[in-house]
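Novice: below is the sequence, then the predicted model.
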Amino acid sequence: MLIGLTGTNASGKGTIAEYLKQKGFDYISLSDELRELMSLEGIPVTRANMIVQGTNYRTKEGLGYFAELALKKVGRNAVIDSIRNEGEVLALKKRKDFVLLSVDAPAEIRYERSKMRGRMGDGETLDAFNQRQEQEMAGEGAGQNIRKCMAFADYRIINDGNKEKLYKKVEELLKDASE
């Protein structure tokens, strides 16, 4: 089974990916594919640069470019994280065993998680966090459009509880998707 993860920032996608890795799934992040390309070109890896360069690569190489790179690297059971453009979803859907999982959580919870992880580029204020999220949700063409990706989802998880509650939701998804 190939599981794709899309959703809002700090919603729990990484936690789900780690859980699936513990269950034997291969893991690849489309953001890591971009970071690798940027590093090879000597471009500083910042959140702002990643958004610009991701758009540039998708414009030049095709909307599904990062997904196609990932598909060459993954095995039978894998999780692919950081799906941010509908072209990536469409490229991954070429695999018949692909399921897309949308992950979301209330903005206040995501903001607090973002502050706790201290990731570069995460907003200093809730307003800045929400503003940046909205930009990533509604891009056009080769840009990030997480909202469109989430609309393609086969399954949706609202992660408003603890890890155990999240893991239980993932287990339910795995059971349902394998039937």
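Specialist: Perfect, I can see it now.

Novice: for this protein, what spans make up the helices?
Specialist: Along the chain, the segments classed as helices by DSSP state H run 13-22, 30-40, 47-61, 65-71, 86-92, 107-117, 126-137, 146-151, 163-178.

Novice: how close does residue 96 get to residue 3?
Specialist: Applying CB to CB, to the nearest Å, the value for residue 96 to residue 3 is 14 Å. Bear in mind the C-beta positions are built from the backbone N, C-alpha and C, glycine included.

Novice: OK, contacts around the closest residue to residue 16 other than its chain neighbours?
Specialist: Distance criterion CB to CB, 6 or more residues apart in numbering; nearest residue to residue 16, sequence neighbours excluded, is residue 170 at 5.7 Å. When the contact criterion is CB atoms under 8 Å, 6 or more residues apart in numbering, the partners of residue 170 are 16, 19-20, 157.

Novice: tell me which of these is nearest to residue 127?
Specialist: Top of the list for closeness to residue 127, among those and by CB to CB, is residue 157 at 25.9 Å.

Novice: and that closest one, bridged to which residues?
Specialist: On DSSP bridges, the residues paired with residue 157 through beta bridges are residue 103.

Novice: ok, it touching residue 100?
Specialist: No: checked against CB atoms under 8 Å, the pair residue 157 and residue 100 is beyond contact range at 11.6 Å.

Novice: on that earlier part again, highest neighbour count among the contacts of residue 170?
Specialist: With neighbours taken as other CB atoms under 10 Å, the top of the contacts of residue 170 is residue 16, carrying 25 neighbours.
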